[in-house]
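> Below is the sequence, then the predicted model.
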Amino acid sequence: MTTAVGSTTSTTSTSSSSQSSTALKSLGSDLNTFLNMLTTQLKHQDPLSPMDSTQFTSQLVQYSSVEQQINTNSNLEKLITLQTASQTSQATNYLGQKVEVSGDSLPLQNGAAAFSYTLPEAAASVTVDIKDSTGKVVSTKTGDLTVGRHDVSWDGTDTSGTQLKDGLYTVAVTATKADGTALTTTDTVFGEVSKVTNDATAGTQLEIDAGTSGGKLVTTLDKIISVAANNTVSNAQLTAANAQYLAAQAQYQALQAANSASSSSSASSSSSSSSSSK
């Protein structure tokens, strides 16, 4: 599983810092030019008609304002960079986790897929079509008609029962009321996050790979609806602990049997000795 994080963040930060630095250098150069011109003007001004002090002060204030704006932009760029880095760090927690994403792009992973649709009100008919990348309907299901959310699982087989390859498919839910009016459904899909990327334009994104042909679902953090904890490690630990318990129990029972046999042998020897002495 590949993780691509942070590379774009550093590039964006360097670019922003370079722009702020260039702007400050340009401002400094312009200010020096302005001061040289102002000094020259003061030297050659008409004593009977001196330069307007209000205009002089106004120009200095404008330069000071521009400098403050550049510094403000520089600080904002740093904050944006830190926020992006924080989002990327947060997104890495989703790696290997099964997430629920808003949308109808359905990833088929390891021959299984799951999705949900929500009806705003009861329907007269609901048809769920699953389409491949070419738009061809490969599987059709009759959906639940009741109002609310309905979870659906798909085993990756088409209408003839043939197992399809892992990849990115599309869920199309068609729901209508008794009068034939269409109902708009809210759809979500499930998939395991395999990669985190950081793009200068799109920001932090999660990728859910589906199949070896390059099919993948790309989503952002704001479209994550829920996260299902990955219990694979916990289950493995539980199985190992159970095996250790059974082994320890077997050893205990074996020791009990050995002690019982030893006690019986000792009792028998004691009884024999007593009979002989008589």
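Perfect, I can see it now.

> what's the pLDDT at Lys136?
If you check Lys136, the pLDDT there is 94.

> any idea how far Gly111 is from it?
Plainly put, Lys136 is 19 Å away from Gly111 if you go by C-beta to C-beta, to the nearest Å. C-beta: built from backbone N, CA, C; applies to glycine.

> How about Gln45?
Gln45 is 87 Å from Gly111, where distance means C-beta to C-beta.

> Also Lys165?
9 Å.

> Which neighbours do the two have in common?
By C-beta atoms under 8 Å, 6 or more residues apart in numbering, Lys165 and Gly111 have no common neighbours.

> which residues are contacting the helix or strand hosting Tyr169?
Here Tyr169 sits within strand 167-176, counting by DSSP states H and E. By C-beta under 8 Å, 6+ apart, the surrounding residues in contact with strand 167-176 are 104-108, 113, 115, 117, 119, 123-133, 135, 138, 143, 182-183, 185, 187, 189, 210-211, 213, 215-217.

> Give me the buried positions along that strand.
Residues 167-171, 173, 175 are the ones in strand 167-176 that count as buried (16 or more other C-beta atoms under 10 Å).

> where does Ser133 fall, phi/psi-wise?
phi -70, psi -20 (degrees, to the nearest 10).

> For it, give me its contacts.
167-169, 215.

> any idea how far Leu168 is from it?
Taken as C-beta to C-beta, the span from Ser133 to Leu168 is 7 Å.

> that older thread, for the contacts of strand 167-176, I'd like a selection string for ChimeraX - just the buried members, please.
Buried residues among the contacts of strand 167-176 (16+ other C-beta under 10 Å), as a ChimeraX selection:
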select :104,105,106,107,108,113,115,117,119,123,126,128,130,131,132,138,143,183,185,187,189,210,211,215,216,217
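
> biggest separation within the contacts of Ser133, which pair?
Tyr169 and Gly215 (8.6 Å; C-beta to C-beta).

> Find the residues that touch each one of these two.
107, 133.

> any idea of the pLDDT on Gly111?
Model confidence at Gly111 (pLDDT) stands at 91.

> Torsion angles phi and psi at the nearest residue in space to it that is not next to it in sequence?
Once flanking residues are discounted, Gly111 sits nearest to Gly156: 4.4 Å by C-beta to C-beta, 6 or more residues apart in numbering. Note on Gly156: backbone dihedrals following degrees, to the nearest 10 are phi 80, psi 10.

> in the stretch 51-200 of the chain, which ranges drop under the pLDDT threshold?
Residues of the stretch 51-200 of the chain meeting the criterion pLDDT under 70: 51-53, 55-57, 59-61, 63-64, 66-67, 70-71, 75, 77-90, 200.

> try it again with 80
Along the stretch 51-200 of the chain, the model assigns pLDDT under 80 to residues 51-93, 198-200.

> any chance you could map the strands in it?
In the stretch 51-200 of the chain, the segments counted as strands under DSSP state E, counting those that start in this stretch are 98-102, 105-108, 113-119, 125-131, 137-142, 148-154, 167-176, 182-183, 186-192, 195-199.
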